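[1] Need a 3D model of the sequence below.
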Amino acid sequence: MFKIRESDDSPEGLGETEMSDHEHLRLLTPKECDVIIREFNEQFLTPDERDRIVREHTTNHILGRTDFETDEKTMTSQNKHVDPKREPDHPHKRLRGEAAYGVNVGVPEVRGVKIESIDQLKKIIGCDFPGLSDRKDLHELLRTAEIHLELLQEYRNRDSFSRKETLRLANKTGVSHETIKAWLRNAITPRIYTMLRNALTAKEGRTKLEGLQRKLNGVTDLEEFDRRLGHFYLEEEVGRLPNHEEDRELARRFFHFMQALPNGGLLSDIARRAGVPEHEVSLRLRAPFIPRLIRIASSIPAETPELGKKWLPLKITKTRRLQRYVQVPLKITAFKDILSILERTRRLRSPELDYYEQHFGRMTKQLAFMYLLGIIVSDGAFGRAAGVSTSIWLSASKKYSWSKDFGRAFSYSLARIGIFSKQYEDNVQERENGRTSVIQVWRSASVPLLCWIRKTLLGLRTGTTKGKVGFQADWILQMPYSWRVAFLQGVSDGDGFASIKAFSAGICTLTNQEFLMRLLNSLGIEAFSVKSGVTVRKKEAIRRAGQLPMFRHAVARQSRLVELAAMFDSVTRKPASEEEINNIMVLHNQGFSSGQITMKLWREHGIARRPGVIRKIIGRTGKKRNARK
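    Model (predicted):
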C-alpha cells in the first residue's frame with residue numbers, strides 16, 4: 001500500500017488517495033512515467049514518492065475528482081455537465097512538449113435557455129430576476145460570467161489545454177487558476193448560473209404573492225390589518241392572547257416578506273429586502289403558513305360595520321377558523337338589537353332537544369335566550385377566556401328533584417341559539433361539618449357569542465365575577481313583557497325561593513337587589529330589598545308571582561309559591577281561639593320556630609297565620625302565664 005499526496009492548489013480538494021499494489025489499471029511506459037513525474041514535480045511530490053511511482057510502474061486516478069463548490073453557501077455540483085462515459089482526465093497528451101488536459105467546457109443555461117453572450121445574461125437578469133439587481137456582488141458575478149463566456153468561445157472547438165495556459169489566464173483575468181481549470185476540464189459554470197437556477201423569477205414571486213393574497217381577503221399590509229382588527233368586537237381579547245406582541249411582530253415581518261416577493265431572487269435576497277431571517281423566508285416559501293393574527297384579521301369582513309356596531313363571528317371551526325360574522329351592537333337600546341342577532345343563529349339538532357320539547361314544550365328562540373340569561377346571572381358562571389371565545393358552566397345541587405330538568409333547560413336554551421353543551425361527571429363536595437353534597441355540572445362549548453353576552457348584555461368585563469360586582473343589564477327592563485318573564489324565571493330557578501315558614505318569596509343576591517326589585521316591579525310584583533336579596537311578602541304580589549309563574553323548572557318552589565298564595569287568601573284577622581293558642585304554645589315548648597309553627601298550623605289545621613302573628617301570640621301568652629305564677 002502507498003499514498004500519493006495531492007497538490008495543495010488542486011481544484012479537486014486536499015487529502016490523500018490510497019492505492020494498493022494490485023489495483024493498478026495499466027502499466028506505464030518510461031516516457032509516460034516521465035510525464036507524470038514532471039507534472040507532479042510542480043505539485044510538491046517528494047523524491048521518494050516520485051521514485052516509488054517509477055518503480056511500481058502503476059497508477060490510478062491520481063487526480064481524483066470532487067465536487068466543485070459554486071454556490072454562496074451550499075450549492076456544490078449542480079452545474080456540472082460531465083459525460084459519464086468520458087474517460088478520466090489524464091495528462092496523457094502533449095501540447096508543445098507539456099502535459100495537456102482534455103477540454104470539456106460547459107455551455108451555461110438559465111432555465112433551459114443557452115447563454116451565448118453577457119448582454120443576453122444581463123437582459124435575462126433584468127427582466128426575470130430583478131431581485132438580484134441590488135446585490136453588492138452582482139458586478140463581480142457578471143464579470144466572472146463574461147470571462148467564462150470568452151473562454152467558452154476560445155476553447156469550445158479545442159481538444160486540450162495546458163497548465164501553463166490556465167496560469168496565464170488566471171494572471172490575465174484575476175480568476176483563480178483552479179477555477180479556470182475546472183471550467184475548461186469539468187464543464188463547471190460560474191456561480192451566477194447556480195444562483196439563477198435556485199432563485200425565484202419575478203413571475204414565480206408574483207404567482208406566490210397572488211396565492212397568498214387570495215387567502216388574505218384583502219389584508220395585505222399593516223394598515224389594513226389594524227383597520228380590520230379595529231372593527232373586530234373581540235379586539236380586546238385578541239390583545240390578551242399569549243405572546244401577542246411576538247405575534248404582532250410576526251405579522252409585520254410577514255407583510256414585509258410579501259412586499260419582497262414580486263422581484264424574486266435568492267432566499268438571501270428576499271430576506272434582505274424584507275428584513276427577516278433567511279430561514280423564515282425558506283419556511284414561508286415551502287409551506288405558506290399564515291400568522292395567527294393575520295388569519296384572524298383576514299377572516300373579518302372588509303365592509304365597515306354600522307355606527308355603534310362591530311363584527312363578531314358566530315362559529316369557530318375545528319381548525320379554529322372564525323366564520324359567519326354578524327354585526328353586533330356595543331350597546332342595547334331596543335329589542336330589535338337582540339332580534340337581529342338571534343335571527344342569525346342556527347338551532348342545533350339532537351335527541352336531548354327533542355326530549356325537552358316532548359316533556360316541557362317548545363320555547364321560542366327569544367324566550368329560551370332570555371331564560372338562559374337568567375340562568376347565567378344566577379347559578380351560571382363564565383369559564384376562563386379561551387382566546388377569542390368563552391364558555392358557560394352551570395352547577396346545580398342534586399338534592400333538588402328538579403335539578404336535572406333545570407340542567408336540561410340550560411342545554412336546550414343554548415342549543416336554540418346554536419351552542420353545544422353537555423353534562424359532566426358529578427362533583428362531590430365536602431363541607432366543614434363533614435357532610436357532603438353532590439353537584440351536577442353542565443358546560444357549554446367555548447364560542448365568541450358568549451363573549452358578547454358577557455360584555456355587552458351583562459356588562460361583565462373579562463376577569464370579573466358577577467358575584468362580586470354584579471351585572472349591568474338595564475336594557476332588559478325595556479324588553480317585551482314575555483322576555484322579562486322568561487329572564488325572571490331563569491333567575492328564580494337558580495337563586496329564587498318560596499317559603500311557607502317565612503311567609504314570603506324572593507331572590508337571593510348580594511349585588512343586584514336594586515335591578516331585581518325594578519324587574520319585579522315592572523311585572524306588577526311589589527318587592528322589597530333586604531340584606532340577602534329581594535323579597536315578595538304582600539298578598540297581591542305573591543298571587544301575581546304565582547300566576548306568572550315565577551319559577552319554570554323549580555317545581556317545588558313554584559308549588560310552595562302557589563300554596564303561599566292560598567295561605568294569604570286564608571289569612572284571617574279573627575283572634576286566635578283558645579285551642580289554637582294551646583296548639584301554638586305546645587309546638588313552641590317543643591322547640592318549633594314561629595315559621596315552623598306557621599307551616600304546621602296551615603298543613604295540619606288549615607289555619608293561616610303569619611310568623612309575626614305567631615310570635616306575638618307566644619309573647620302575650622307567655623306573659624299571662626308568668627303573671628299567674
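
[2] contacts and neighbour counts: CA atoms only from here.
    OK.

[3] Would you point out the helix or strand in this structure whose mean pLDDT is lowest?
    The weakest-scoring helix or strand in the chain, judged by mean pLDDT, DSSP states H and E, is strand 2-5 (a mean of 29).

[4] Distance from stretch 549-567 to the middle of the chain?
    From the chain centre to the centre of stretch 549-567 is a distance of 48 Å (Cα atoms, centre = their mean, to the nearest Å).

[5] same deal with stretch 385-399?
    Averaging C-alpha positions (Cα atoms, centre = their mean) puts stretch 385-399 21 Å from its chain's average.

[6] Counting neighbours, which bits of that stretch end up buried?
    By neighbour count on 16 or more other Cα atoms under 10 Å, the buried set for stretch 385-399 is 385, 387-398.

[7] now the residues you listed as CSV including secondary structure?
    Listed next are the buried residues of stretch 385-399 as CSV, based on DSSP: H, G, I helix; E, B strand; the rest coil:
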residue, secondary structure
385, coil
387, coil
388, coil
389, strand
390, strand
391, coil
392, strand
393, strand
394, strand
395, strand
396, strand
397, strand
398, coil
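
[8] State the mean pLDDT of stretch 571-585.
    Mean pLDDT, stretch 571-585: 88.

[9] cool, and stretch 223-243?
    Here the average pLDDT along stretch 223-243 is 95.

[10] can you give me the end-to-end distance of it?
    Counting by Cα to Cα, to the nearest Å, you get 21 Å between the two ends of stretch 223-243.

[11] Other residues contacting that stretch?
    Under the contact criterion Cα atoms under 8 Å, 6 or more residues apart in numbering, stretch 223-243 has outside partners 218-219, 244, 294, 297-298, 300-302, 304-305, 310-312, 328, 387-388, 448, 451-452.

[12] May I have the beta-bridge partners of residue 530?
    Counting by DSSP bridges, residue 530 is bridged to residue 533.

[13] about what we covered before: among the buried residues of stretch 385-399, show me the least confident.
    Ranked by pLDDT, the buried residues of stretch 385-399 bottom out at residue 385 (70).

[14] how near is that one to residue 261?
    Residue 385 sits 38 Å away from residue 261, going by Cα to Cα.

[15] next one: residue 471
    In terms of Cα to Cα, residue 471 sits 51 Å off from residue 261.

[16] Who has more neighbours out of the two?
    The neighbour comparison of residue 471 against residue 261 (other Cα atoms under 10 Å) goes to residue 261, with 28 against 21.

[17] quick one, what contacts residue 258?
    Contacts here follow Cα under 8 Å, 6+ apart; on that basis residue 258 touches 209, 220.

[18] And the pLDDT at it?
    94.

[19] what does residue 30 give?
    Note on residue 30: pLDDT of 51.

[20] can you pull the contacts of residue 280?
    By Cα under 8 Å, 6+ apart, the contact set of residue 280 is empty.

[21] That one in helix, strand or coil?
    helix.

[22] same thing with residue 587?
    Criterion first, three-state DSSP; result for residue 587: helix.

[23] what about it, how many neighbours?
    Per other Cα under 10 Å, the neighbour tally for residue 587 reads 17.

[24] ok, it touching residue 597?
    Yes: Residue 587 lies in contact with residue 597 (Cα atoms under 8 Å); the separation is 6.6 Å.

[25] Need the overlap of contacts for these two.
    Counting by Cα under 8 Å, 6+ apart, residue 587 and residue 597 have no contacts in common.

[26] sorry, back to before: if you go by neighbour count, which of the contacts of stretch 223-243 are buried?
    218-219, 294, 297-298, 300-301, 305, 310-312, 328, 387-388, 448, 451-452.

[27] Show only the entries of those found in helices.
    Among the buried ones among the contacts of stretch 223-243, the members falling in helices (DSSP state H) are 294, 297, 298, 451, 452.

[28] want to try a markdown table for those residues, with pLDDT and distance to residue 171 as columns?
    Compiled in a markdown table, those are given as follows (pLDDT from 0 to 100; distance: Cα to Cα, whole Å):
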| residue | pLDDT | distance to residue 171 |
| --- | --- | --- |
| 294 | 96 | 56 |
| 297 | 97 | 60 |
| 298 | 96 | 60 |
| 451 | 95 | 76 |
| 452 | 96 | 78 |
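
[29] and those, which two are the farthest apart?
    Farthest pair in those (Cα to Cα) is 294 and 452. Separation: 22.1 Å.

[30] Excluding chain neighbours, what is closest to residue 450?
    Leaving aside its sequence neighbours, residue 450 sits nearest to residue 390 (Cα to Cα, 6 or more residues apart in numbering; 6.0 Å).

[31] Pull up the gap between that neighbour and residue 242, please.
    Distance, residue 390 to residue 242, by Cα to Cα: 15 Å.

[32] and if you look at residue 145?
    For residue 145, the distance to residue 242 under the criterion Cα to Cα works out to 51 Å.

[33] Show me which of these two is the more surrounded one.
    Remark: of residue 145 and residue 242, residue 145 carries more neighbours, 21 against 10, as counted by other Cα under 10 Å.

[34] I figured that one hits residue 190, correct?
    Yes: if you go by Cα under 8 Å, residue 145 and residue 190 touch, sitting 5.9 Å apart.

[35] Tell me where the model's unsure across the stretch 401-550 of the chain.
    Applying pLDDT under 70 to the stretch 401-550 of the chain flags the ranges 463-469.

[36] for it, what spans make up the helices?
    For the stretch 401-550 of the chain, applying DSSP state H, counting those that start in this stretch gives helices covering 403-416, 449-452, 466-469, 481-495, 513-522, 539-547.

[37] buried set for the fourth one?
    So that's helix 481-495. Buried residues in helix 481-495 (16+ other Cα under 10 Å): 483-495.

[38] Same question for stretch 159-176.
    Neighbour counts over stretch 159-176 (16+ other Cα under 10 Å) mark 160, 161, 162, 163, 166, 167, 169, 170, 175 as buried.

[39] mind checking how far the residue nearest to the fifth one when sequence neighbours are not counted is from residue 500?
    It refers to residue 166. In space, and not counting its chain neighbours, residue 166 is closest to residue 177: 5.6 Å by Cα to Cα, 6+ apart. Here residue 177 is placed at a distance of 110 Å from residue 500 (Cα to Cα).

[40] For the stretch 251-400 of the chain, just list every one of the helices.
    267-274, 278-286, 292-299, 335-342, 351-360, 365-378.

[41] Skipping adjacent residues, who's closest to residue 329 in space?
    Residue 329 sits nearest to residue 309 (Cα to Cα, 6+ apart), 4.3 Å away.

[42] what's the burial count for the one you found?
    For residue 309, the neighbour count with other Cα under 10 Å is 17.
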